[in-house]
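*Asks:* My questions concern the predicted model and sequence given below.
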Amino acid sequence: MAGLFAPTAVGATPGLRPNVWDLVALPLILGALVLLAYGAAQMATPYNVGDPLPLTLDPLHLPYYLLRTALRMGAGLVLSLLFTLVYATIAAKSANAGRILIPALDILQSIPILGFLSITVTGFISLFPGSLLGMECAAIFAIFTSQAWNMTFSLYQSLRTVPADLTETAAMLHLSPWRRFWRLEMPFAMPSLVWNMMVSVSGGWFFVVASEAISVSGQKILLPGVGSYIALAIADRNLPAIGWAIATMLVAIIIYDQVMFRPLVAWSEKFKFEETAGEEAPESWLLTLLQRTRLLRQMVEIVRDLVEAVMIRIRSRGRRIVPTLFRVTPRVRWPGWLGSWWWSTALALGAAAAAVSIGRSVSDGVGWGEVVHVLLLGLATATRVVVLILLASLVWVPVGVWVGLRPRLAQRLQWIAQFLAAFPANLMFPIVVAMIVRFDLSVDIWVSPLMILGTQWYLLFNVIAGAAALPSDLRAAAGNLGLRGWLRWKRLYLPGIFPAYITGAIAASGGSWNASIVAELVTWGNTTLTATGLGAYIAHWTHRGDFPRIVLGIGVMCLFVMGLNRFLWRRLYVLAEQRLRLD
């Protein structure tokens, strides 16, 4: 950096003056800040529950609606990232904590967005009385629940599969737990986390209609946004308005692909675990622009130096609370049989107490006959989920590997995959309803593709991330050994992507259960088609406001999701962690 600060003939410091690249980047950043400030001010306007919010299908209002939705999505992503860093780290570092946190994450993943909204919206409104901010916080929280779980599973899987030679190197260098986390573990996890952030944002778009249509006090409130615009267009059976909504989503996805995800993918490439440089590297015009700026880079370096100085100051005073979160704790702190028995007994007693409490409330408010009926509905939805995940795996695993091994191709197809992943199932309702009614098709079969429409992309994005993370030297070694065809897939590609695939399969499975609420009860205008399944049951009673049956449906959904995760996905997770590591 000395060259940047070399004095000129007049004694000035050119490193503190903007260059040509700063003159291009600064207006872009200032413009984004102005839009952010304006949108944030609109989200905190005075509002009383019961007052109608103006909403129109005029396409001229779509840029404003897009700004409001984008701010909610951005706020949800920031909260999801913070949650991921803390939750996944603690779960991966502490064996005892992981026994609680990972099953709890399974439960949280299985609770549908409508369930979160039904429980939390009143609390958010009470936090901000007389302001629209309470409703906005409820919508942001719903978007957060559609993004956080997938990112958390991704980081947890990466932290548990850090190659042993890298861990031994960190120990030889005597890195502190804090430095090991930021210098080794997070860089190793970064490529997969970036791709999962991408699919999580697309998942938020998939559920944007549900997150912006909030039911409270027996009425539905549509917040200004693209999701509410889509909901209004569906209710009015307005096909041109749906077309405008699709075009707006396409523009939005191209914008955040160019200004956020493409730079992140190109930047995360430097963290790829390999000894030889890859043949191709993703590029980003925005990342190149920011790297060539002078003033902005100086500002970033100043902020970085201040943060490091503060952390050094904290550690020098002996305040080591934060670094202890990143320390690898032993699986058992006392004699093995005693610690394991005590902890397992405590968890079993807590689960039994919760089961008894839920059983009493269900027995008093619903009845056990209804419970059996809902369990059968859950079995029907589970069958759909398993079949759809298997079919999606057969299609997207080969495609994901093929794309992930070609970074430039992945970059060109990136925004297309994001658009398809973000495409809300609601926009397919006109086609599905017309097809089923016109050809007298089975509702139980032909609404099923709507369940996997937005969740299959968890598989694709994770497989792409897993294939892209395969070291080039390992691929070169496979070529030198003459591995071709199916043998190459069996010995290299499938084992290499297996941890990432399991992460995607868990997210896709949980997402499919959530999507069943949208897919099994299809409405277009005055026409409603209902499939046999748990999702339709929850959606029906949510609209009716029957809280005991809502709780029953959500509880059964949690039971099925936890059962699949415990007896299928978690065992595969352990297999990936123990036998299929890049060591």
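*Replies:* Thanks, I have it. Numbering: from 1, shown residues only.

*Asks:* In terms of secondary structure, what does the host helix or strand of residue 67 contact?
*Replies:* In the assignment (DSSP states H and E), residue 67 maps to helix 62-93. Packing partners of helix 62-93 (3 or more Cβ pairs under 8 Å, 6 or more residues apart in numbering; DSSP states H and E): helix 20-43, helix 95-110, helix 133-160, helix 186-206, helix 208-212, helix 226-235, helix 239-256. The C-beta positions use only the backbone N, C-alpha and C, and glycine is treated the same way.

*Asks:* by how many degrees do that helix and helix 95-110 diverge?
*Replies:* Orientation check (axes from the mean of the first three to the mean of the last three Cα atoms, to 10 degrees): helix 62-93 against helix 95-110 gives 150 degrees.

*Asks:* Could you check the angle helix 62-93 makes with helix 239-256?
*Replies:* Angle, helix 62-93 to helix 239-256, by the same axes, to 10 degrees: 50 degrees.

*Asks:* Average pLDDT for helix 62-93, rounded please.
*Replies:* Here helix 62-93 scores 92 as its mean pLDDT.

*Asks:* So what's the gap between it and the chain middle?
*Replies:* Relative to its chain's centre, helix 62-93 lies at 8 Å (Cα atoms, centre = their mean, to the nearest Å).

*Asks:* What of stretch 546-560?
*Replies:* For stretch 546-560, the distance to the chain centre is 23 Å (Cα atoms, centre = their mean).

*Asks:* What residues of that stretch count as buried?
*Replies:* Buried residues in stretch 546-560, counted by 16 or more other Cβ atoms under 10 Å: 549, 550, 551, 552, 553, 554, 555, 556, 557, 558, 560.

*Asks:* does the fifth one really touch residue 540, like I thought?
*Replies:* No: proximity of residue 553 to residue 540 does not meet the contact threshold set by Cβ atoms under 8 Å, at 9.0 Å.

*Asks:* picking up where we left off before, let's have the buried residues of stretch 546-560 in JSON lines, adding pLDDT.
*Replies:* Below are these laid out as JSON lines (pLDDT from 0 to 100):
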{"residue": "549", "pLDDT": "83"}
{"residue": "550", "pLDDT": "80"}
{"residue": "551", "pLDDT": "79"}
{"residue": "552", "pLDDT": "84"}
{"residue": "553", "pLDDT": "86"}
{"residue": "554", "pLDDT": "82"}
{"residue": "555", "pLDDT": "82"}
{"residue": "556", "pLDDT": "87"}
{"residue": "557", "pLDDT": "86"}
{"residue": "558", "pLDDT": "81"}
{"residue": "560", "pLDDT": "87"}
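
*Asks:* Among the residues you listed, which ones are in helices?
*Replies:* Members of the buried residues of stretch 546-560 lying in helices (criterion: DSSP state H): 549, 550, 551, 552, 553, 554, 555, 556, 557, 558, 560.

*Asks:* residues contacting the fourth one?
*Replies:* Applying Cβ atoms under 8 Å, 6 or more residues apart in numbering, one finds that residue 552 lies in contact with 362, 366, 370, 371, 374.

*Asks:* from those, which single one is nearest residue 519?
*Replies:* Comparing these against residue 519 with Cβ to Cβ places residue 374 closest, at 17.7 Å.

*Asks:* For the closest one, give me phi and psi.
*Replies:* The phi/psi pair for residue 374 (degrees, to the nearest 10) reads phi -70, psi -30.

*Asks:* show me the contacts for the closest residue to it other than its chain neighbours.
*Replies:* In space, and not counting its chain neighbours, residue 374 is closest to residue 556: 5.0 Å by Cβ to Cβ, 6 or more residues apart in numbering. Taking Cβ under 8 Å, 6+ apart as the criterion, residue 556 is in contact with 371, 374, 375, 377, 378, 534.

*Asks:* 10 Å - rerun?
*Replies:* 110, 362, 371, 374-379, 381, 534, 537-538 (Cβ atoms under 10 Å, 6 or more residues apart in numbering).

*Asks:* Farthest pair within those?
*Replies:* Top of the distance list for the contacts of residue 556 (Cβ to Cβ): 362 and 381, 18.9 Å.

*Asks:* Pick out whichever of these two has more residues nearby.
*Replies:* Between residue 362 and residue 381, counted using other Cβ atoms under 10 Å, the more crowded position is residue 381 (28 against 20).

*Asks:* Report the angle between the helix or strand that contains the more buried one and helix 186-206.
*Replies:* Assigned by DSSP H and E, residue 381 belongs to helix 368-404. Helix 368-404 and helix 186-206 are oriented at 120 degrees to each other (the same axes, to 10 degrees).

*Asks:* related to what we said a few turns ago, residue 383 versus the residue nearest to residue 374, what's the distance?
*Replies:* Residue 556 is 15 Å from residue 383, where distance means Cβ to Cβ, to the nearest Å.

*Asks:* Let me see the contact set for the closest residue to residue 62 other than its chain neighbours.
*Replies:* Of all residues not flanking residue 62 in the chain, residue 248 sits nearest, at 4.7 Å (Cβ to Cβ, 6+ apart). Residues near residue 248 by Cβ under 10 Å, 6+ apart: 59, 62, 63, 65, 66, 69, 226, 229, 230.

*Asks:* repeat that for 8 Å
*Replies:* Contact partners of residue 248, counting by Cβ under 8 Å, 6+ apart, are 62, 63, 65, 66, 226.

*Asks:* and the strand or helix carrying residue 507, average pLDDT?
*Replies:* Applying DSSP H and E as the criterion places residue 507 in helix 494-519. Helix 494-519 carries an average pLDDT of 83.

*Asks:* What's the first helix or strand after that helix?
*Replies:* strand 521-524.

*Asks:* what helices or strands is the helix or strand following that following strand leaning on?
*Replies:* Beyond strand 521-524 on the C-terminal side, the first helix or strand identified by DSSP H and E is strand 527-530. Contacts defined by 3+ Cβ pairs under 8 Å, 6+ apart place strand 527-530 against helix 429-439, strand 521-524.

*Asks:* Just say which of the ones you listed is most tucked in.
*Replies:* Among the helices and strands packed on strand 527-530, ranked by average contacts under mean count of other Cβ atoms under 10 Å, first place goes to strand 521-524 (a mean of 20).
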